[in-house]
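**Q** Test case, fold it:
(one chain, ligands or ions: 1)
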Amino acid sequence: MNLQAKSFKLLPSIDKLLQSKELKPLINRVGQDAVKSESRSQLDSLRTAIANNDERILKRLTEDKFLEALCVTIKANVESEFAGSLLPVFNLTGTVLHTNLGRARLPQKAISAMQVIASEAVNLEYDLAAGTRGDRDSHIEETLCNITGAEAATIVNNNAAAVLLVLNTLAEKKEVVVSRGELVEIGGSFRIPDVMKSANCELKEIGTTNRTHLRDYEAAVNKNTAVFMKVHTSNYEIKGFVNSVSESELGGLAKKHNLPFVSDLGSGTLIDLTRFNLPREITVQESIQMGADIVTFSGDKLLGGPQAGIIVGKANLISKIKSNPLKRALRIDKITLAGLKEVINLYRDSSRLQKRLPLLQDLTRPTEDIQNLATQLLPSLRRVLSDRATIEVRPCLSQIGSGALPLSLLPSMALEITPVAEKGQTDAALSNLSHAFRKLSKPVIGRIHDGKLIFDLRCLQDKKEFEAQLVELHLS
Ligand SMILES: *Cc1c(COP(=O)(O)O)cnc(C)c1O
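**A** So this is what the prediction gives:
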């Protein structure tokens, strides 16, 4: 028998692997299917290696511990598949509403409601009084209308979906008039011109990047015009020689031409943020008062709730929007709806909102509080990093994030970590350092700036949890 044929014979059968004492406990935990399919794929690649006369593999097959080693690999691969990659992290980036880190943390009330609704049958679209089919928006519409002053409301999966649905309903194959200063891109994948295309609308750009006047809107009107739209330029601001048309002016013009005026607020807040010493942002109610017929905004930006797109406005327009077949594809799910409802309820009790809404707690956290935290953490961090880095407590500026109030920064405090490195090695040392923190059981995400790893502590809730895992930190 040649070496190849011999080697094939050395391969264990699937059954032998599945019966092995190494894999039995794993099978008990995760079930047979995953272990079987991973074993099969390992055996397949060994067979291919033998067929290719891969000497390294041929040699390994004859080693004593070959079977054990194979089981270890199978176990590791199955475990990593089951471990899941979606996990909590420490957001120390200094951006409170970080889109890549899941935006708003939810209040406990919302989390509890979501749990209850997830585990049972619910009257999602069932009218309990009439015993007939109901409407999922009905669970939240009245409260939203009470708060915003709108006549009606409907909810979808996120604000991008809200904009898409509104435009497709009100302006399919027609023109939407938007100022060139508002043709924004949000987070790379949401560009107003692209959304227009997807909604099958024609974008009618008017004005210039820095200046748009009411007369530009007026001049754009023709028989194909369907909507005036205003997009909140939420992630940048143009300063200097600028002019844009206010919501109330545009509202007036829309009325004159009998055209709907749609305002995409993006972040959308339901409360005057200056009450909390935060920068001013136009509220949804103000937008409605100033003549917007439809307002769209996100559930998980300044509102501080779960991912959702909220559409409020005139009853006749909302009713059209709700009967668009696209609504069915974009609708909110029951679990999110339950969470969103609880978050919206918190806004009905504005005096206790700050205490109850985690987002608002994070945004209004006193600097002294953050500074104390930094000072307390300094010794333990210095201990684990010892001679590998120097650490200082320094003032820094946090951002609200997700495009909300881009130029408004919040004074905060950070731990600034500067790696000790030979000349020319700083970048490598920094990346080694930040990688080590990202590899902790609860990954710590900071930001790198000017040769330093910066941990803005504004969003650190649990100091003990942060400290406890520092012993795991492993710098290569
Ligand atoms: C964020 C934003 C969107 C998209 O909202 P998502 O909830 O992220 O889908 C749309 N328009 C504006 C102006 C935004 O700021």
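**Q** E68: neighbouring residues, count only.
**A** Counted by other C-beta atoms under 10 Å, the residues lying close to E68 total 13. Where you see a C-beta, it was placed from the backbone N, CA and C, and this is true even at glycine.
**Q** And N91, by the same measure?
**A** Neighbours of N91 (other C-beta under 10 Å): 25.
**Q** cool, and R60?
**A** Residues lying near R60 (other C-beta under 10 Å) number 17.
**Q** Please name the nearest non-neighbouring residue to it.
**A** F66 (6.0 Å; C-beta to C-beta, 6 or more residues apart in numbering).
**Q** correct me, but the one you found touches L58?
**A** No. Proximity of F66 to L58 does not meet the contact threshold set by C-beta atoms under 8 Å, at 11.1 Å.
**Q** Show me which residues of this structure sit near the ligand.
**A** Taking C-beta under 6 Å from any ligand atom as the contact definition, the chain meets the ligand at 158-160, 163, 186, 190, 231-232, 234, 264, 266-267, 298, 309, 402-403.
**Q** where's the dip in pLDDT among the residues you listed?
**A** Lowest pLDDT among the residues of the chain next to the ligand: S234, with 58.
**Q** ok, back up a step: pLDDT score for the residue nearest to R60?
**A** So, for F66, pLDDT stands at 91.
**Q** and the residues of the chain next to the ligand, which of them are in helices?
**A** If you go by DSSP state H, those have 159-160, 163 in helices.
**Q** Can you tell me how far the residue of the chain found nearest the ligand is from A49?
**A** In the chain, no residue comes nearer to the ligand than G266, which is 2.3 Å away by C-beta to the nearest ligand atom. Going from G266 to A49 by C-beta to C-beta, to the nearest Å gives 54 Å.
**Q** Show me which of the two is the more surrounded one.
**A** Using other C-beta under 10 Å as the criterion, G266 and A49 rank with G266 on top: 24 against 17.
**Q** Just the buried residues out of the ones in helices among the residues of the chain next to the ligand, in ChimeraX syntax.
**A** A single ChimeraX command selects the buried members of those (16 or more other C-beta atoms under 10 Å):
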select :159,160,163
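**Q** pLDDT below threshold where in the protein?
**A** Residue ranges of the chain with pLDDT under 70: 1, 185-189, 234-242, 403-407.
**Q** quick one, domains of it?
**A** 3-83, 90-98+362-472, 108-353 (automatic domain parsing).
**Q** what distance separates the start and the end of the second one?
**A** End-to-end distance of domain 90-98+362-472: 15 Å, with C-alpha to C-alpha, to the nearest Å as the criterion.
**Q** centre of the chain versus that domain, how much separation?
**A** Distance, stretch centre to chain centre, for domain 90-98+362-472: 20 Å (C-alpha atoms, centre = their mean, to the nearest Å).
**Q** And the first one, by the same measure?
**A** Relative to its chain's centre, domain 3-83 lies at 39 Å (C-alpha atoms, centre = their mean).
**Q** start the count at 51, not 1, going forward
**A** Right, with 51 as the first residue, what we last looked at is domain 53-133.
**Q** hmm, back to that, for the residue nearest to R110, grab the count of nearby residues.
**A** So F116, with other C-beta under 10 Å, has 16 neighbours.
**Q** Also I441?
**A** By the criterion of other C-beta under 10 Å, I441 has 19 neighbours.
**Q** same thing with T333?
**A** T333 sits with 21 neighbouring residues when counted by other C-beta under 10 Å.
**Q** With adjacent residues omitted, what lies nearest to it?
**A** T319 (5.5 Å).
**Q** That neighbour: what's it in contact with?
**A** 331, 333-334, 352-353 (C-beta atoms under 8 Å, 6 or more residues apart in numbering).
**Q** For A342, see how far away it is.
**A** 15 Å.
**Q** Check L117 too.
**A** According to C-beta to C-beta, L117 and A342 sit 70 Å apart.
**Q** Those two: who's more crowded?
**A** Between L117 and A342, counting by other C-beta under 10 Å, A342 is the more crowded of the two (30 against 17).
**Q** What values do phi and psi take at that one?
**A** For A342, the backbone dihedrals are phi -70, psi 130 (criterion: degrees, to the nearest 10).
**Q** packing partners for the helix or strand encompassing S484?
**A** S484 is located in helix 476-488, with elements delineated by DSSP states H and E. Where contact means 3 or more C-beta pairs under 8 Å, 6 or more residues apart in numbering; DSSP states H and E, helix 476-488 is packed against strand 454-469, strand 494-495, strand 497-499, strand 502-506.
**Q** Just tell me which of the ones you listed ends up closest to R79.
**A** Closest to R79 of the helices and strands packed on helix 476-488 is strand 494-495 (C-beta to C-beta; 28.8 Å).
**Q** any idea how far the nearest residue to N327 once chain neighbours are set aside lies from T219?
**A** Closest residue in space to N327, ignoring its immediate chain neighbours: T414 at 6.9 Å, by C-beta to C-beta, 6+ apart. From T414 across to T219, the span is 38 Å (C-beta to C-beta).
**Q** Cheers, nothing more for now.
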